[in-house]
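Peer 1: no letters, just coordinates:
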């Protein structure tokens, strides 16, 4: 039987976590079905990104992220548009000073698949560390999440060393509590944020009928790392897996 994404529960949890009473009237003025058509009202982007924005907005998780960013920007940044543009760097980033998500489009093929030289890790069915290719849609969604967290001034983005201090193994695996939240949705020690990479990937896999492999660790495969070191890194992440297993399962409540 084909899986379905639990939109009702997703909306309930995302809105409860991200919206204040003052936010709701702006948020409700941007209907879910209108997000892609109205995107240019709150995102300034180059035409070469039109197709990938279509892809992000094909799922409710991507649309909701943009609705919340538009809402928060209207209240905290005077309605300033967030930018999306192309540059010559080697990684996709969120630039706080520019209030912009930037990426190098040439790092992805015409279909939005990333170069094989840089990939994410996930846990295979036999419990080993395997690689999954990056996508342009996933990379941009991730960076837009960072932008949202910056606007909200969440504790994870203002206290980046907290995860290392509270749990060194999780710190080594995820780098920061903000990356942990962005990727897995785990608000460390508190609750769950469904506006995250895992839920975005889950929703996309249901829409496209592709396999779903939730990302494990902020680290990933990099062809520039010598093979013995890369293999040692995988072994270390495998040894650390038990510490992350439970916090990587939040997405399960949004599928049936």
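Peer 2: Yes, it's here. Worth saying up front: this structure is predicted, and the values here are computed from it rather than measured.

Peer 1: tell me which stretches of the stretch 101-250 of the chain form strands.
Peer 2: In the stretch 101-250 of the chain, the strands defined using DSSP state E, counting those that start in this stretch lie at 118-123, 129-133, 186-187, 191-192, 215-222.

Peer 1: what pairs with the third one, parallel or antiparallel?
Peer 2: I take that to be strand 186-187. Strand 186-187 pairs in its sheet with strand 191-192 (antiparallel), by DSSP bridges.

Peer 1: contacting residues around the one helix or strand in the chain whose mean pLDDT sits lowest?
Peer 2: Least confident element among the helices and strands of the chain, by mean pLDDT, DSSP states H and E: helix 155-158 (a mean of 76). For helix 155-158, contacts defined as CB atoms under 8 Å, 6 or more residues apart in numbering pick out 146, 149, 150, 162, 176, 177, 178, 180, 181, 187, 188. The way it works is simple: take the backbone N, C-alpha and C, and place the C-beta from them, glycine included.

Peer 1: mind telling me the two of the residues you listed farthest from one another?
Peer 2: 150 and 188 (17.9 Å; CB to CB).

Peer 1: those two: which is more packed in?
Peer 2: residue 188 (20 against 17; other CB atoms under 10 Å).

Peer 1: give me every residue that touches residue 99.
Peer 2: Counted by CB under 8 Å, 6+ apart, residue 99 has contacts 77, 80, 82, 83, 147.

Peer 1: return the per-residue confidence for it.
Peer 2: We have a pLDDT of 97 for residue 99.

Peer 1: give me the below-cutoff pLDDT ranges for the stretch 51-200 of the chain.
Peer 2: 160, 189 (pLDDT under 70).

Peer 1: what are the ranges of the helices in it?
Peer 2: 60-76, 136-152, 155-158, 162-166, 168-174, 177-184, 197-208 (DSSP state H, counting those that start in this stretch).

Peer 1: for residue 92, which of these is the nearest?
Peer 2: It's helix 136-152; of these, that one is closest to residue 92 (CB to CB) at 4.4 Å.
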